[in-house]
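J.: Give the three-dimensional model of this entry:
(4 chains)
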Amino acid sequence: MRRDIRVQTEPFDVGGETARLSAGDHSIGAVASFVGLVRAHNRVGDEHAEIATMTLEHYPGMTEKALDRIVDVAAERWSLQAVTVIHRVGELHLGEPIVLVLTASAHRQAAFESCQFIMDILKTEAPFWKKERLPDGSERWVDARESDGKAAARWLAGD
Amino acid sequence: MRRDIRVQTEPFDVGGETARLSAGDHSIGAVASFVGLVRAHNRVGDEHAEIATMTLEHYPGMTEKALDRIVDVAAERWSLQAVTVIHRVGELHLGEPIVLVLTASAHRQAAFESCQFIMDILKTEAPFWKKERLPDGSERWVDARESDGKAAARWLAGD
Amino acid sequence: MIRIRYFARLRDQLGTAGEEMADYPSTIGELAANLAARGGDWGEALGGTVLMAINQEMVGPDAPLKEGDEVAFLPPVTGG
Amino acid sequence: MIRIRYFARLRDQLGTAGEEMADYPSTIGELAANLAARGGDWGEALGGTVLMAINQEMVGPDAPLKEGDEVAFLPPVTGG
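T.: From the prediction side, this is the model:
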């Protein structure tokens, strides 16, 4: 299985990455993707606070290992031809893409499920942290969501 | 909810469609997508026959109505900001994209599930038909897959 | 008068994309049975699994026919 | 000697990105307890939910420490 895992400050090109993932491999019938974006309201129980910018911190070295491990597990569980995971770090503005996950398989169910799996596990195991800056200039670390823990746990319970 | 439903012979631009879907709407935190491609082996129980090209036929008028109906149901079931469905018709070559489904929501689970729902129902209810041409020039209509019927049925069983 | 359309594999089997019919039964299911009763390719094409639509909406066999309807017989779909 | 690193909210709370430690206990869980026992911000930062890693792999509190390890304390992750 081909894999491409990147942690970068630059934006990514969804169309280019999708084309690259499947180029020349005619056994691929399905490409599922997920793009996570910086959205205006991000805090649990505080849906009315608009954010201005977001800063993504990570643990260099460990992050790449963690993403690689997650992709290993996906590749054991589903029949996949290729996986791309790109996660941005640094300062991001409203509406900007944060993360891209692409999975390619012969069949759509494997592509869909593995893409969702990678996102769910990434959300609870990959060492990234978000800090929001509000329009008044104040900053705060984003709290982990309980729903993310539950989403990850359902894959471990054997579906 | 914004929607864009197209049946066309031309290729589509995954990156451009993804950017357009979410442009200017900062309530969107998640975009899920699916791209279906023409793959080399397509017949149930006949995995060794390579195909040369594929022709997609549809029922003009009814197809658009069927896609619109499917998107209606998705929009009732999940909280969505925007949906794009583009399905190509006419002659397509190996590796070319056939269908694009994009769903945008505040949260990833709604985006993932609605994208998969739209594909599963499209596969059994939208009037498209595939005809394969093999390298020896012979043509054959693709058989419907039992697994597609099951994938669609699970959504109707109320999960 | 109703207009009947045949698509994809059905059209190839029947050798025609459609026909018009002045005398037609009361339901689409009866129409399908009448067409299948023509025998040969018709029996084979319309005797198996076939989807039915009236005015571009999927319907069941009990759906009534009325003057001016666009009726369609469709093989199981294989898009996506 | 081990190297200890603090990330994100933990680093902000503690006012430091890390430290080196020559005398350290046998497990990472004991190390966390010792750090929390410093009191004040340390007790608050390391007394709650905290993830632990040794040499860039997540571990549980019983994981043993050895000379040269890179130990990290991480708040619950919020990427994606």
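
J.: which ones are touching the residue in chain A positioned nearest to chain D?
T.: Residue nearest to chain D within chain A (CB to the nearest CB): A:F128, separated by 2.5 Å. All C-beta spots, glycine's among them, are computed from the backbone N, C-alpha and C. When contacts are counted by CB atoms under 8 Å, 6 or more residues apart in numbering or on different chains, A:F128 touches A:56-58, A:63, A:87, A:89, D:77-80.

J.: Apply 6 Å and report the result again.
T.: A:56, A:58, D:77, D:79 (CB atoms under 6 Å, 6 or more residues apart in numbering or on different chains).

J.: Looking at those residues, which one is closest to chain C?
T.: Nearest to chain C among the contacts of A:F128, with distances taken as CB to the nearest CB, is D:G79, at 32.2 Å.

J.: What are the boundaries of the strands in chain A?
T.: Using DSSP state E, the strands of chain A run over residues A:2-8, A:30-37, A:41-43, A:46-50, A:53-58, A:82-88, A:90-93, A:97-105, A:128-133, A:139-141.

J.: same question, chain C
T.: Under DSSP E, chain C gives strands at C:2-6, C:18-21, C:51-54, C:57-59, C:70-74.

J.: And these: which comes nearest chain D?
T.: Using CB to the nearest CB, those put strand C:57-59 closest to chain D, at 39.4 Å.

J.: And that closest one, how far out from the chain middle?
T.: 11 Å (CA atoms, centre = their mean, to the nearest Å).

J.: can you pull the contacts of the residue of chain C found nearest chain D?
T.: Residue of chain C nearest chain D, by CB to the nearest CB: C:G80 (28.0 Å). By CB under 6 Å, 6+ apart, the residues touching C:G80 are B:36, B:99, B:122-123.

J.: If we use 7 Å, what do you get?
T.: B:36, B:98-99, B:119, B:122-123 (CB atoms under 7 Å, 6 or more residues apart in numbering or on different chains).

J.: Among these, which ones lie close to chain A?
T.: B:36, B:119 (CB under 7 Å from any CB of the partner chain).

J.: Closest to the centroid, which residue in chain C?
T.: Nearest to the geometric centre of chain C sits C:F73, at 3.4 Å (CA atoms, centre = their mean).

J.: Wait, that residue touches C:A8, no?
T.: No - with contact defined as CB atoms under 7 Å, C:F73 does not reach C:A8; the gap is 10.1 Å.

J.: Skipping adjacent residues, who's closest to A:A74 in space?
T.: A:S114 (4.6 Å; CB to CB, 6 or more residues apart in numbering or on different chains).

J.: separation between the one you found and chain C?
T.: Going from A:S114 to chain C by CB to the nearest CB, to the nearest Å gives 19 Å.

J.: which residues does that residue contact?
T.: A:S114 neighbours (CB under 7 Å, 6+ apart): A:74, A:78, A:80, A:103.

J.: So for it, what pLDDT did the model give?
T.: Looking at A:S114, its pLDDT reads 98.

J.: how close does it sit to A:H107?
T.: 11 Å (CB to CB, to the nearest Å).

J.: Extract the residue ranges of chain A that are flagged as low pLDDT.
T.: For chain A, residues meeting the criterion pLDDT under 70 lie at A:42-49, A:158-159.

J.: 90 - rerun?
T.: A:40-52, A:135-137, A:145-146, A:153, A:156-159 (pLDDT under 90).

J.: A:L80 is in contact with A:S105, isn't it?
T.: Yes - using CB under 7 Å, A:L80 is in contact with A:S105, at 5.2 Å.

J.: Would you list the phi and psi of the closest residue to the residue of chain A closest to chain D other than its chain neighbours?
T.: Once flanking residues are discounted, A:F128 sits nearest to D:G79: 2.5 Å by CB to CB, 6+ apart. In terms of degrees, to the nearest 10, the main-chain angles of D:G79 are phi -80, psi -170.

J.: Distance check, the residue of chain A most remote from its centre against chain C.
T.: Distance to the chain centre peaks in chain A at A:D136, reaching 28.7 Å (criterion: CA atoms, centre = their mean). With distances taken as CB to the nearest CB, A:D136 is found 48 Å from chain C.
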